[in-house]
Structure formats: structure tokens, C-alpha cells
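*Asks:* give me a model of this one.
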Amino acid sequence: MWSSLAREFRFLLKDRGALFWLLLAFILSVIAVSFGIAEVREQRATIATLVEEDAADRANALSTQEDWGSAAYYAFHLTYEPPSDFAFAAMGQRDTAPWKHRIKMLAIEGQIHEADTRNADFGLVGRFDFAFLAAAVAPLLLILLLYDLRASERTARRYDLLVATAWSPRSLWLPRAALRVVGLSLLLLVPLCVGAVIEGTAPSVVLQASAIVIVSLLVWWLIVELLSRIDASPSVLLTSLIGLWLALAILVPAISKAAIEAANPVPDGGEILLLQRETVNDAWDLPKEATMEPFIEQYPEWREHAVIDEGFEWKWYYAFQQVGDQTVAPLANQYREARLERDRAAGMLSLLSPTSFVERAFEKLAETDSTAMVGYEDRVREFHEELRNFHYPLLFPEVEFDAARLDDLPRYDPPVK
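*Replies:* Residues are numbered from 1 along each chain as shown. Sure thing, here's the model as predicted:
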């Protein structure tokens, strides 16, 4: 086996076409990893800047307030989802879903559904990251490396002679193909491992990612091996394999996505935003009781302080903000659950497409999948509830204003990644 591998290695060094595809794989891997690291560092720098500016802006706003209602109204609070130490390999949903919001004590659902994505264009064309390279480009490079191993020998009329003189057909084709597969795997994974060291990625995550790449290439190797046994010209084999790649990498995911969207309709985020704003705006013209009654149903502990004696009171204002959230809660929950159901269905159907499976696996490792972004939205809601729990005990009993108590305002703590 070792002598066969040495022989095939010498042949590979003379095969300019194979060397070109292997070199291209390495260059693309370096580019994908470099772009990913640059994007992640830019996001971290953006977060660091926003954290500093947010604190200064809030301190400045609070310094001029003289009542609890105004303090709650003018104080913004930054929430954000930091990229994980493996996000450089798979940006996933971070290109299309917001990963930062500045919120305040107003109705939260409208603030969540006001999109804040800098990379909307990437939602249409996709990002060239390592996940895309491993899922879609690497199989194509493998096809170009392996499709004519047998066919070229048949075309040159050496196939029968080679098979007859070889100890076994496996000893002839296996080392030749294995060398190319191993070479492609290494050239793809070396830049990924270097990027992981730079980003401080856990070794277990790198091992899982490497295993995903290797298993994906082995699956495609099996596909190429089965089709290449057909007695056909290299051009016919290449056309057939590329057609199969197009079907598995593009057609199956596209059909699956269309079927999932049809089976799991998702309300538009704009509908949630519009309904909440209508509810909040209409409250100005309704009797105060129309706001306070549903509010008290949600927060019965403030029943004794729910009487509105004046034309405008801050506790009434924040009560109808809360009622706005209560009104859209069923629609917002439907939106959330439908997205998660779509994600679960996509996970099942990804078994039909190696490309989709690899991309989803990388996004899961990088914590950039749909589940992670929905989790961020849930943490924003939880933090907003902390703000309400801080302000309501001051607003409803009409506690005397003391600016020093604002030092205890809740602080958003993102998950450690």
C-alpha cells in the first residue's frame, strides 16, 4: 500500500490539472477563513464601541430627568448577541437576523421586529464562508479531481492492461483516489485549524467540524466512485456528476425550502409591528379603564395603584405599552414557533442533501443557526421584563424620585461564548 501511495504521489505531482484544483481548494479555504475572521472581529469591535457609547448616552439622558417615567422613557439599553469563537466559519443567520438592539421601556415586540441588519444583501446572495466552501464547493472540487480516474485510462486504451497487470483493481484505483481525497481534506482543513487557533475555538468544536468535512467528502467520493464505474467517456461522466451535484446542492434544498414554507406559514414581522403600534396609538383615545383592566389581569399586584386621576400619568402610559405587547403576544408567539418548526423541518429534510446537512451542522457548531437567533430574541424579552420589574415598583406606588436608585438599573448580560 505504501509503495502504491508513493507511486501515486509521484503521478499526482505530474498532474497539473489535479494540482490546480488542490491549490484552488487551499486558496479558497484561506479566503473563506480570512473573510470570516475579519467579519467576526468587525462585529466584536462594533459591539465594544456600542457598549461604551450606550453607557455614556444613558448616563447623559438620566442625568437630566426628574421623574421615574421620564427616566424610563429616555434611557436606552443595548442588547446584543456576540459571535461565538467559531462563528468565523459559518456566519449563518447573523447575516439576516438582527444580533443587536437598543431597547427601552416601550412595548418590546415592536422594538424586536424593527430589523437591524447591516448585511441585508447577504441574505439574497449568501456569504462565502467556510461552511459554504465545505458544503457546496468542496464536493465540486472532489468531482473534478476524481471523475476521470478510470475514464481517462479507458480513453487512452490502457484500462484493460492496467487492470490485468495490477495485483487487484482496488490496489490500482483506491490509492489514487484516496491520495486526492486526503490531499483535498488537508488543504481545506489546515486554514480552518489555523483560524480556530487564532479565534481560540475549543478543540472539540474543531474536531467535530473536521469530522463533518471528512465525512461529507467520503460521501461524495462514494458517489463519484459508483458513477465512475460506468463505461462512459470523461465528458459524459463529468456532466452526469455535475448534474447530480446541482440536484443535491441546489435543486433539493430549493424544493425543500419551498415545501417547508408552504407547510409552515410564518406571520410577517411587519404585521406584529403594525398591530402593536395601532394598539398603542388607539389607547390615547380610549377610556383609561380600557387600558388598566387588561394590564391588571397581567400584573394583579398593582391593582391598588391602577386608578388614573389625571389626564396623563406615566403609569398609564407604560400600562398601554404593556397592553400593546399583550395584544400581539399570540401573533408574536405564532411567529416564533413557526420559525422553529421550519427549522426543525429543514433539519429533517437536510438528510436528503449533503450540502444542506453540512451547512446546518456548521451553523449549529458556530451558534449562528435559527435556534440561536430566536434564543437571542428571547433574552431581549427577558431583559425587558427585568426593566419592567425595576420600574413598575417605582411608577405605580408613585415613589418619590431618587436619581441614585437608577444606579441599580438592570444591565444586559450576553451569554459567554
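*Asks:* following the chain onward from the helix or strand bottoming out on mean pLDDT in the chain, which element is next?
*Replies:* Every helix and strand of the chain was ranked by mean pLDDT, DSSP states H and E. The lowest is helix 122-125, at a mean of 46. Sequence-wise, the next helix or strand downstream of helix 122-125 (DSSP states H and E) is helix 130-132.
*Asks:* what's in contact with that next one?
*Replies:* Identification of contacts with helix 130-132 by CB atoms under 8 Å, 6 or more residues apart in numbering yields 29, 32-33, 36, 88-92, 126, 192, 195, 358-359, 362-363, 366. The C-beta positions use only the backbone N, C-alpha and C, and glycine is treated the same way.
*Asks:* ok, now stretch 290-300?
*Replies:* 283, 302-303, 306-308, 316, 319-320, 322-323, 326, 392.
*Asks:* what do you get for stretch 270-280?
*Replies:* 107, 109-110, 113-114, 320-321, 323-325, 327-328, 331-332, 335.
*Asks:* what's the answer for stretch 20-32, then?
*Replies:* 128-130, 132-133, 137-138, 141, 144-145, 180, 183-184, 187-192.
*Asks:* now intersect the residues you listed with the helices, please.
*Replies:* Under the assignment DSSP state H, the contacts of stretch 20-32 contribute 130, 132, 138, 141, 144-145, 180, 183-184, 187-192 to helices.
*Asks:* name the helices or strands packed onto the helix or strand where Y376 lies?
*Replies:* When elements are assigned from DSSP H and E, Y376 belongs to helix 370-395. Helix 370-395 is packed against helix 68-74, strand 77-80, strand 100-103, helix 108-112, helix 314-349, with contacts defined by 3 or more CB pairs under 8 Å, 6 or more residues apart in numbering; DSSP states H and E.
*Asks:* which parts of this protein belong to which domain?
*Replies:* 2-26+130-260, 33-127+264-408 (automatic domain parsing).
*Asks:* give me the distance between the two termini of the longest one.
*Replies:* Okay, so that is domain 33-127+264-408. Domain 33-127+264-408 has its terminal residues 42 Å apart, counting by CA to CA, to the nearest Å.
*Asks:* rewinding a little: export the helices and strands packed on helix 370-395 to JSON lines and tack on distance to G200, mean neighbour count and mean pLDDT?
*Replies:* Formatted as JSON lines, the helices and strands packed on helix 370-395 follow (distance: least, CB to CB, whole Å; neighbours: other CB atoms under 10 Å; pLDDT from 0 to 100):
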{"stretch": "helix 68-74", "distance to G200": "39", "mean neighbour count": "20", "mean pLDDT": "96"}
{"stretch": "strand 77-80", "distance to G200": "19", "mean neighbour count": "22", "mean pLDDT": "96"}
{"stretch": "strand 100-103", "distance to G200": "22", "mean neighbour count": "19", "mean pLDDT": "94"}
{"stretch": "helix 108-112", "distance to G200": "31", "mean neighbour count": "23", "mean pLDDT": "93"}
{"stretch": "helix 314-349", "distance to G200": "28", "mean neighbour count": "19", "mean pLDDT": "94"}
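*Asks:* which among the ones you listed is found nearest to E385?
*Replies:* Closest to E385 of the helices and strands packed on helix 370-395 is helix 108-112 (CB to CB; 8.4 Å).
*Asks:* which other residues reach the closest one?
*Replies:* Contacts for helix 108-112 (CB under 8 Å, 6+ apart): 98, 101, 103-104, 272-273, 276-277, 324-325, 328-329, 332, 377, 380-381, 384.
*Asks:* switch to 6 Å and redo it
*Replies:* I103, I272, L273, Q276, D325, V328, A332, E377, V380, R381, H384 (CB atoms under 6 Å, 6 or more residues apart in numbering).
*Asks:* export the helices and strands packed on helix 370-395 to CSV and tack on distance to S216?
*Replies:* What follows is the helices and strands packed on helix 370-395, written out as CSV (distance: least, CB to CB, whole Å):
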stretch, distance to S216
helix 68-74, 52
strand 77-80, 33
strand 100-103, 33
helix 108-112, 36
helix 314-349, 16
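*Asks:* which residues of the protein score low on pLDDT?
*Replies:* 1-5, 7-8, 115-126, 150-172, 417 (pLDDT under 70).
*Asks:* can you check which helix is longest in it?
*Replies:* The chain, longest helix under DSSP H: helix 16-62.
*Asks:* before we move on, back to that, same question for the helix holding Y376: list its buried residues.
*Replies:* Residues of helix 370-395 classed as buried under the neighbour-count rule (16 or more other CB atoms under 10 Å) are 370-374, 376-377, 379-381, 383-384, 387-388, 390-392, 394-395.
*Asks:* check stretch 224-237 too.
*Replies:* Those would be V224, L227, S228, A232, P234, L237, for stretch 224-237 by 16+ other CB under 10 Å.
*Asks:* does the last one count as helix, strand or coil?
*Replies:* Reduced to three states with DSSP: H, G, I helix; E, B strand; the rest coil, the structure at L237 is helix.
*Asks:* touching, it and Y147? I think so.
*Replies:* Yes. The pair L237 and Y147 passes the contact test of CB atoms under 6 Å, sitting 5.1 Å apart.
*Asks:* which element is Q208 on?
*Replies:* Here Q208 is assigned to helix 203-228, by DSSP H and E.
*Asks:* list the helices and strands that helix packs on?
*Replies:* Judged by 3 or more CB pairs under 6 Å, 6 or more residues apart in numbering; DSSP states H and E, helix 203-228 is in contact with helix 138-146, helix 169-199, helix 354-366.
*Asks:* could I get those helices as TSV with distance to I242 and mean neighbour count?
*Replies:* Shown next, in TSV, are the helices and strands packed on helix 203-228 (distance: least, CB to CB, whole Å; neighbours: other CB atoms under 10 Å):
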stretch	distance to I242	mean neighbour count
helix 138-146	7	23
helix 169-199	17	18
helix 354-366	14	23
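*Asks:* can you check which of those helices gets nearest to A72?
*Replies:* Shortest separation from A72 across the helices and strands packed on helix 203-228 is recorded for helix 354-366, at 36.4 Å, computed as CB to CB.
*Asks:* identify the residues contacting the closest one?
*Replies:* Counting by CB under 6 Å, 6+ apart, 84, 86-87, 89-90, 92, 131, 134-136, 205, 208-209, 212, 216, 219, 249, 253, 350, 369 sit against helix 354-366.
*Asks:* one more time with 8 Å
*Replies:* 84, 86-93, 130-132, 134-136, 139, 205, 208-209, 212-213, 216, 219-220, 248-250, 252-253, 256, 346-347, 349-351, 369, 371.
*Asks:* mind saving the C-alpha coords of it as PDB?
*Replies:* Output of helix 354-366 as PDB, limited to C-alpha atoms (Å, rounded to 0.1, in the frame of the first residue of the first chain):
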ATOM      1  CA  PRO A 354     -25.300  16.600   1.900                       C
ATOM      2  CA  THR A 355     -24.900  20.300   1.200                       C
ATOM      3  CA  SER A 356     -27.700  21.400   3.400                       C
ATOM      4  CA  PHE A 357     -26.700  19.000   6.100                       C
ATOM      5  CA  VAL A 358     -23.100  20.300   6.200                       C
ATOM      6  CA  GLU A 359     -24.200  23.900   6.300                       C
ATOM      7  CA  ARG A 360     -26.600  23.300   9.100                       C
ATOM      8  CA  ALA A 361     -24.100  21.300  11.100                       C
ATOM      9  CA  PHE A 362     -21.600  24.200  10.800                       C
ATOM     10  CA  GLU A 363     -24.200  26.800  11.800                       C
ATOM     11  CA  LYS A 364     -25.100  24.600  14.800                       C
ATOM     12  CA  LEU A 365     -21.400  24.400  15.900                       C
ATOM     13  CA  ALA A 366     -21.000  28.200  15.300                       C
END
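*Asks:* that's all I had, so thanks and see you.
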